[in-house]
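A.B. asks: Give me the fold of what follows.
(one chain, ligands or ions: 3)
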Amino acid sequence: MLLAIDCGNTNTVFSIWDGSEFIATWRTATEHQRTADQYYVWLTTLMKHRGIEADITDVIISTTVPRVVFNLRVFADRYFNTRPLVVGKPGCELPVEARVDAGTQVGPDRLVNTVAGYDRYGGDLIVVDFGTATTFDVVDTDGAYIGGVIAPGVNLSLEALHQAAAALPHVDVSKPDLVIGTNTVACMQSGVFWGYVGLVSGITSRIKAERARPMKVIATGGLAPLFQQGDTLFDVFDEFLTMHGLTVIHDYNKDKTLEQ
Ligand SMILES: Nc1ncnc2c1ncn2[C@@H]1O[C@H](COP(=O)(O)OP(=O)(O)OP(=O)(O)O)[C@@H](O)[C@H]1O
Ligand SMILES: CC(C)(CO)[C@@H](O)C(=O)NCCC(=O)O
Ligand SMILES: [K+]
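C.D. replies: Ligands and ions are numbered 1, 2, ... in the order given. A predicted model of the protein is given here:
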């Protein structure tokens, strides 16, 4: 079985893929100090709790935090006796190369979202991922990542308001019915929620105009469903898009190895 690890700047998601479905998914805060042994204790405790006895033979990792790679490699090697595929590193090939400025290191999560989006929905896509940052990945007709947009994440924006302004409290994101807030919290929620609705619809329509063609908008990330209620911002919400991309990249590299 495959252990797929999607490590973002805030959270890391572990999922076990049995070849046809994800049998379990767990989430933990991203901490680069965590050792291979700590990952193992954490994971096996959760597996036991769910009564899962998975024989993990393969590991694939996508991480936007370079410092976690070392310990995750040791984890795969020591406990599963396998060399992990690491997206963006040598030894892990992608079906289609990104077409960007020379020297650009595209975030592995964006490359994975691109592969997943193309596999599921075909070309001419805008993939919007609501993570630590809100990213827009533009996928060409042939499935290549050709650029996009990086905006501050929703939670990051709320946190920045709280950090920078003495009178603004910590607030969780939610959908206000009215735009005009009549108290501080409602004003902040409106600014972030309706601000993001405007951001997403503005950016996606500008991208479509720049490309001069119809494009599908695919949304992923924990906060996407909240924004789906805001307007008709997306054509599809796909909760497991990034995880799906990891399985596609794993299969692609397995097939390559078999061909050799
Ligand atoms: N299954 C879920 N149910 C409810 N809320 C969720 C769920 N998954 C994520 N969230 C919320 O949405 C936020 C965004 O989650 P997501 O995994 O998309 O990105 P993140 O973990 O914040 O960022 P990154 O991937 O960059 O680390 C999370 O911080 C969490 O508060
Ligand atoms: C933008 C983030 C932080 C989103 O997770 C990540 O994809 C990243 O670190 N990207 C590197 C820069 C780029 O994608 O162009
Ligand atoms: K993510």
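A.B. asks: Residue 76 versus residue 38, what's the distance?
C.D. replies: 14 Å (C-beta to C-beta, to the nearest Å). For the C-beta atoms, the positions are set from N, CA and C on the backbone; glycine is no exception.
A.B. asks: okay, those two: which has more neighbours?
C.D. replies: Neighbour totals were compared for residue 38 and residue 76, and residue 76 leads with 24 against 14 (other C-beta atoms under 10 Å).
A.B. asks: ok, which residues in the stretch 151-260 of the chain are in contact with ligand 1?
C.D. replies: Applying C-beta under 6 Å from any ligand atom, we find that the stretch 151-260 of the chain lies next to ligand 1 at 155, 221, 222, 223.
A.B. asks: how about the nearest residue to the last one, chain neighbours excluded?
C.D. replies: Closest residue to residue 223 apart from its sequence neighbours, by C-beta to C-beta, 6 or more residues apart in numbering: residue 130 at 4.1 Å.
A.B. asks: now the third one
C.D. replies: The shortest distance from residue 222 to any non-neighbouring residue, by C-beta to C-beta, 6+ apart, is to residue 130 (6.6 Å).
A.B. asks: Give the burial count for the one you found, as a bare number.
C.D. replies: 23.
A.B. asks: Equivalent analysis for residue 108, please.
C.D. replies: With neighbours defined by other C-beta under 10 Å, the count for residue 108 comes to 25.
A.B. asks: what's it in contact with, if anything?
C.D. replies: 62, 63, 64, 87, 88 (C-beta atoms under 8 Å, 6 or more residues apart in numbering).
A.B. asks: What separation do you get for the third one and ligand 2?
C.D. replies: Just to be clear, that refers to residue 64. 4 Å (C-beta to the nearest ligand atom, to the nearest Å).
A.B. asks: pretty sure that residue contacts residue 111?
C.D. replies: No: in this structure, residue 64 is not within contact of residue 111 by C-beta atoms under 8 Å, at 10.7 Å.
A.B. asks: Residue 24: which element?
C.D. replies: For residue 24, the host element (DSSP states H and E) is strand 22-29.
A.B. asks: Quick one: the helices in this protein, in order.
C.D. replies: 36-50, 69-80, 108-121, 154-164, 184-211, 224-228, 241-259 (DSSP state H).
A.B. asks: how about the residues of the stretch 51-200 of the chain that lie near ligand 3?
C.D. replies: The stretch 51-200 of the chain has residues residue 131 near ligand 3, with proximity defined as C-beta under 5 Å from the ion.
A.B. asks: redo that, cut-off 8 Å
C.D. replies: When proximity is defined by C-beta under 8 Å from the ion, the stretch 51-200 of the chain lies next to ligand 3 at 64, 109, 129, 131, 132.
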